[in-house]
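A.B. asks: Prediction below, plus the sequence it came from.
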Amino acid sequence: MNRARISAVQQFCSNDPVPYFIDGEWSTGTEAPIAVIDPANDLPVCTVACAGADEVDRAVVAARRAFDQGLWSQARPDERSLHLNRWADLVDRDREILAELETLQTGKPIRESRGDVARALDGIRFYAASARNIRGEVIDVSSRHHSYVISRPLGVVAAIVPWNVPIVLTVSKVAPALAAGNSVIVKPSQTTPLTALYLARLWQEADLPAGVYNVINGPGRSVGEALCLHPGVTGITFTGGTDTGLHLGELAARQNKRVMLELGGKSPNIVLRDADIDRAIPGSANAIFYGQGQICAAGSRLLAEAPIYDRLVEGVSAFAASMKIGDPLDEATEFGCLTSISHRDEVMGWVRRAIDDGASVAAGARNAVVPGLPDGAFMEPTVLVDVPPTAPISCEEVFGPVLVVQRVDDIEQAIAWANDSQFGLSAGVWSRDSARARQVASRLEAGVVWINDYGVFNPAMPFGGVKLSGSSHREWSHLALDAFMEHMSIWESNA
Ligand code: NAD
């Protein structure tokens, strides 16, 4: 049964199905509703309305009409900023509702969801401020011309969001796109649409223009793809699996659309012999176990220099074993459940195959049982050792709470193994010698590197990867704002 504790959450979920939001209106869908499952008990939280192809077209036409009418796209930047702040005020007011919805649909601990909502709120406020800082540029090339560059929104942006951090990844896309003046259509993961839908409710309550923020639900292959390929969509921003992203990138390239891809990772976390081990142990454990390991930037490969290898394995394993696994809605829970039973079973399959191939278990590697929630997608945070760097579990994204630890002889081997990956999203380096740590960081093939820390985040800092982890665009920061704009060069004759 639905475990919602807050009456506003109960009320939101009691709509059957919860409608989606196009052109400022709620729609009950044209296809069979989709159940949103609480992974802590494998029971439905609610159902949500599901769109078909006609609805995709309706959403794009509405978003384009809103764009052309200019209520948002041509509003003064300070007005857009005020509007975004009004939306943020409501997010702030309802942060507990949003956190509970996030936990119900994802299984992450409520304390983690609160952090995610705070990050999303900060992201909206950041881009509310950024809207007022969109600049043009005068480029003085000839005395016969006044020549300058202006920035303009792309038009209609499709935002495709995965299930792991739904509210943060919705905001990372829509906030800069909206600040730049675009209309957006969000297609959340069909398994976790509730917070994007609740944001639509707040958009409506803030009395913001119809057709500018839209949310449509449905399967990726049909609704998501139709949305991205609709001729009225001018920009695509996608976060999700590498295969899906590459497929979408190919299709979008044929239409020469602006496409931003944030994909998978297998991030190395390097602990050098001179690291402060007391900091590196909890830092490395949190790097993988935050979000139950279902984080694209998770530090899933721990590369430890030989002299500190044993202490590190022991410390990280003890940390894993001490984590309080429990009901995600429980305030004390440190480690919730995975996104679904099937995903948990898939992750456990990776673990079993690694053990069959010779890996040793330093912690976890079992399903976890939480009192009162016998059908939940729980597993223990897992640490595996004796895994060669070429083993599938060392190379492929498992997207679960599974850490592989490898012993490296020296810095050169650490860098070589760290870079020997198809991915290049993020990395960590731990050392007391900052010059050495910086030198290692500068040689890593990654979009983000943390030194003596892991996973810290701020909307002012760019985020994104290289190699198969993403396209060259970055999320967050001024770079994301730029990615959602066209730059037009204007030559004005003085004659
Ligand atoms: P997924 O690729 O299955 O789905 C992501 C989204 O794309 C969903 O909304 C889905 O419905 C939609 N989709 C699926 N097929 C589509 C298609 N053909 N056209 C358009 N949309 C389509 O990924 P997931 O399982 O939801 O998320 C997990 C993956 O996301 C992991 O690989 C993870 O690494 C990645 N991820 C990356 C980042 C990052 O910033 N790099 C962040 C979070 C998650």
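C.D. replies: Ah, there it is.

A.B. asks: In this structure Gln406 contacts Ala416, no?
C.D. replies: No. With contact defined as C-beta atoms under 8 Å, Gln406 does not count as touching Ala416 (11.7 Å). Where C-beta positions appear, they are placed from N, C-alpha and C, glycine not excepted.

A.B. asks: Pick out whichever of the two has more residues nearby.
C.D. replies: For Gln406 versus Ala416, neighbours defined as other C-beta atoms under 10 Å are more numerous around Gln406 (21 against 14).

A.B. asks: which strand residues sit across from that one in the sheet?
C.D. replies: Taking DSSP bridges, one finds Leu303 as the beta-bridge partners of Gln406.

A.B. asks: let's have the chain start at 45 instead
C.D. replies: Fine by me, first position is 45 from now on; the one you just mentioned is Gln450.

A.B. asks: The nearest residue to Asp454 once chain neighbours are set aside: what's it in contact with?
C.D. replies: Leaving aside its chain neighbours, Asp454 sits nearest to Glu349 (7.0 Å; criterion: C-beta to C-beta, 6 or more residues apart in numbering). By C-beta atoms under 8 Å, 6 or more residues apart in numbering, Glu349 lies in contact with 315-317, 451-455, 458.

A.B. asks: For Lys477, grab the count of nearby residues.
C.D. replies: Quick fix: residue 477 is Asp, not Lys. The number of residues packed around Asp477, counting by other C-beta under 10 Å, is 12.

A.B. asks: now do Gly499
C.D. replies: Neighbours of Gly499 using other C-beta under 10 Å come to 19.

A.B. asks: Just confirm it contacts Ser328, I think it does.
C.D. replies: No. With contact defined as C-beta under 8 Å, Gly499 does not count as touching Ser328 (10.7 Å).

A.B. asks: intersection of neighbour lists for these two?
C.D. replies: Counting by C-beta under 8 Å, 6+ apart, the residues touching both Gly499 and Ser328 are Gly343.

A.B. asks: isn't Ser266 right up against Ala97?
C.D. replies: Yes. Counting by C-beta under 8 Å, Ser266 does reach Ala97; the two are 7.4 Å apart.

A.B. asks: residues near the residue in the stretch 145-294 of the chain positioned nearest to the ligand, how many?
C.D. replies: The minimum distance from the stretch 145-294 of the chain to the ligand, using C-beta to the nearest ligand atom, falls at Gly264 (2.1 Å). Counted with other C-beta under 10 Å, the neighbours of Gly264 add up to 20.

A.B. asks: and it, what does it touch?
C.D. replies: Counting by C-beta under 8 Å, 6+ apart, Gly264 touches 204, 231, 233-234, 284, 288.

A.B. asks: Which ones among those residues also lie next to the ligand?
C.D. replies: Taking C-beta under 6 Å from any ligand atom as the test, the ligand is in contact with 204, 231, 233-234, 284, 288 out of the contacts of Gly264.

A.B. asks: which of those residues sit farthest apart?
C.D. replies: Greatest spatial distance among the ones next to the ligand among the contacts of Gly264 (C-beta to C-beta): Gln234 and Thr288, at 13.0 Å.

A.B. asks: Considering the contacts of Gly264, which possesses the most neighbours?
C.D. replies: Comparing the contacts of Gly264 by number of neighbours (other C-beta under 10 Å), Lys231 comes first, having 29 neighbours.

A.B. asks: from what I can see it touches Gly262, true?
C.D. replies: Yes. With contact defined as C-beta under 8 Å, Lys231 reaches Gly262; the gap is 7.2 Å.

A.B. asks: so what sits against both of these two?
C.D. replies: By C-beta under 8 Å, 6+ apart, Lys231 and Gly262 have these common neighbours: Gly268.

A.B. asks: hey, where'd the strands end up in the stretch 345-494 of the chain?
C.D. replies: Secondary structure of the stretch 345-494 of the chain (DSSP state E, counting those that start in this stretch): strands at 345-349, 404-407, 426-429, 446-452, 467-468, 470-474, 492-495.

A.B. asks: mind putting those strands in CSV, distance to Cys57 and mean pLDDT included?
C.D. replies: As requested, the strands of the stretch 345-494 of the chain are exported to CSV (distance: least, C-beta to C-beta, whole Å; pLDDT from 0 to 100):
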stretch, distance to Cys57, mean pLDDT
strand 345-349, 39, 98
strand 404-407, 36, 98
strand 426-429, 33, 98
strand 446-452, 32, 98
strand 467-468, 36, 98
strand 470-474, 34, 98
strand 492-495, 35, 98
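
A.B. asks: Inside strands: which ones of the contacts of Gly264?
C.D. replies: 204, 231 (DSSP state E).

A.B. asks: Tell me which stretches of the stretch 45-194 of the chain form strands.
C.D. replies: 64-66, 69-71, 75-82, 87-94, 181-182, 189-197.

A.B. asks: so can I have TSV of those strands showing distance to the ligand?
C.D. replies: Output for the strands of the stretch 45-194 of the chain, formatted as TSV (distance: least, C-beta to the nearest ligand atom, whole Å):
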stretch	distance to the ligand
strand 64-66	13
strand 69-71	18
strand 75-82	11
strand 87-94	12
strand 181-182	30
strand 189-197	22
